[in-house]
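Participant: Need a 3D model of the following:
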Amino acid sequence: MLVSLGLHPDRGDGPDGLLLACHDRIRTFTSMAARLAAGGDAPPDRVRDAAERLLRYFRDAFPLHHDDEEESVMPRLRATGDAALAGTLEVLSAQHGELVPLVESLVETWKELKERPGDLAALTDRLVPPTARLAEVLAAHLEIEESVMIPAVSRLPAGEREAIGREMRARRGA
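Facilitator: Below you'll find the model as predicted:
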């Protein structure tokens, strides 16, 4: 399935701009997940639509962002030999380790809601705590990436930045 990288209007088409545009989408869909979790009496058609959109994003696009970082960005940043940066990258990888099963559990719940949107209130216990944790981990994760990792990417040699951008596009079939 083709997943668009999309560009943020003022962020450019380099890997740092592409990563920041992904962060914008992560925030949008995390906010949508929180609204769904809080919407116990939402109409079934709205629940189904939100569940479908969350499924599509977190099942298809979000893992590509994870791969962008783990396979393209982090190895190049580790290769710089910057010890402080290496420590930050370990924190980010550990957060990825927490996010993967958290997203997988939410994907399963969103699948159920897509099929049975009237069950939203009954699934509150399986939706609210993991959604809150997702928002918490992602907020911390994106803050670290935006304050440390992405500025480090912007300092990589042009050839390395271009390779990251090519790899990101290739993951999405672009």
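Participant: I figured residue 130 hits residue 104, correct?
Facilitator: No: taking contacts as C-beta atoms under 8 Å, residue 130 lies outside contact range of residue 104: 10.0 Å. In this view, the C-beta of every residue, glycine as well, is placed from N, C-alpha and C.
Participant: got any ranges where the protein has weak pLDDT?
Facilitator: 1-12 (pLDDT under 70).
Participant: Give me the longest helix you can find in it.
Facilitator: helix 83-115 (DSSP state H).
Participant: Which parts of that one count as buried, going by neighbours?
Facilitator: 85, 88-89, 92, 95, 99, 102-103, 106, 109-110, 112-114 (16 or more other C-beta atoms under 10 Å).
Participant: Quickly name whichever of the residues you listed is closest to residue 124.
Facilitator: Residue 124 has its nearest neighbour among these in residue 109, at 10.2 Å by C-beta to C-beta.
Participant: Which secondary structure state does the closest residue to the closest one other than its chain neighbours sit in?
Facilitator: Leaving aside its chain neighbours, residue 109 sits nearest to residue 126 (5.0 Å; criterion: C-beta to C-beta, 6 or more residues apart in numbering). Following DSSP: H, G, I helix; E, B strand; the rest coil, the label given to residue 126 is helix.
Participant: gap between residue 100 and residue 62?
Facilitator: 10 Å (C-beta to C-beta, to the nearest Å).
Participant: Same check on residue 155?
Facilitator: For residue 155 relative to residue 62 (C-beta to C-beta), the value is 26 Å.
Participant: Between the two, point out the one with more neighbours.
Facilitator: residue 62 (23 against 12; other C-beta atoms under 10 Å).
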